[in-house]
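Q: What follows is a protein structure lacking sequence information:
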């Protein structure tokens, strides 16, 4: 496995729309393994392939608590089949927008379909942190960052802060 560089805003590659994966093969599984290692090292709870410069519809996630064993999840070509009208606010952050956190309102529940690590089709309901995280990561696949859900002023401040931190590094 290998650590991959995480792209940060305002890199234009984050605005790309990811392409579907034709089949889950050894190459895609290696990408997911490398993404997972990168996510754990960051540290984060979710990572989309676009964030490591690969415009494919692939997401890894692990929502385990610190006192629990790791529980990696893999999502290839995820799609939302249904979203609740009820929404819930959640303070989000992003490995591609480091050190920035803000509240985003999203559907409280979603039903999704995706291919897992073995390439099997899975349909699953998501709520709570899982619903927030899968929607956040799926936004990445469509070139959307969580800061795009904020007001223009908040978004511009966030990007300026990330640029300033990158220049100082």
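A: Perfect, thanks for sending it. Just so you know, these numbers come straight off a predicted model, no measurement behind them.
Q: And the pLDDT for the residue lying farthest from the centre of the chain?
A: Computed with Cα atoms, centre = their mean, the residue of the chain farthest from its C-alpha average is residue 168, at 25.8 Å. As summarised for this prediction, residue 168 has a pLDDT of 83.
Q: show me where this protein has helices.
A: Residue ranges of the helices in the chain, as given by DSSP state H, are 26-41, 128-141, 152-168.
Q: Please give the centre-to-centre distance between the shortest one and its chain.
A: For helix 128-141, the distance from its own C-alpha centre to the chain's C-alpha centre is 6 Å (Cα atoms, centre = their mean, to the nearest Å).
Q: List of residues touching that helix?
A: By Cβ atoms under 8 Å, 6 or more residues apart in numbering, the list of residues contacting helix 128-141 from outside reads 14, 17-18, 45-51, 57, 59, 61, 63, 75, 78, 80, 88, 90, 92, 94, 96, 104, 106-110, 112, 126, 145-146, 148. No exception for glycine: its C-beta is placed from N, CA and C like everyone else's.
Q: 7 Å instead?
A: Contacts with helix 128-141, where a contact means Cβ atoms under 7 Å, 6 or more residues apart in numbering, come from 18, 45-46, 48, 50-51, 57, 59, 61, 63, 78, 80, 90, 92, 106-110, 112, 126, 146.
Q: now swap in stretch 158-169 and tell me
A: For stretch 158-169, the external contacting residues (Cβ under 7 Å, 6+ apart) are 8, 9, 10, 97, 98, 99, 100, 147.
Q: Please repeat the previous calculation with a cut-off of 8 Å.
A: Contact with stretch 158-169 is made by 8, 9, 10, 97, 98, 99, 100, 102, 147, 150, as judged by Cβ under 8 Å, 6+ apart.
Q: Who is the closest residue to residue 108 other than its chain neighbours paired with across the strands?
A: With Cβ to Cβ, 6 or more residues apart in numbering as the measure, residue 88 is the residue that lies nearest to residue 108, at 4.1 Å, once sequence neighbours are left out. Beta-bridge pairing of residue 88 under DSSP bridges involves residue 106.
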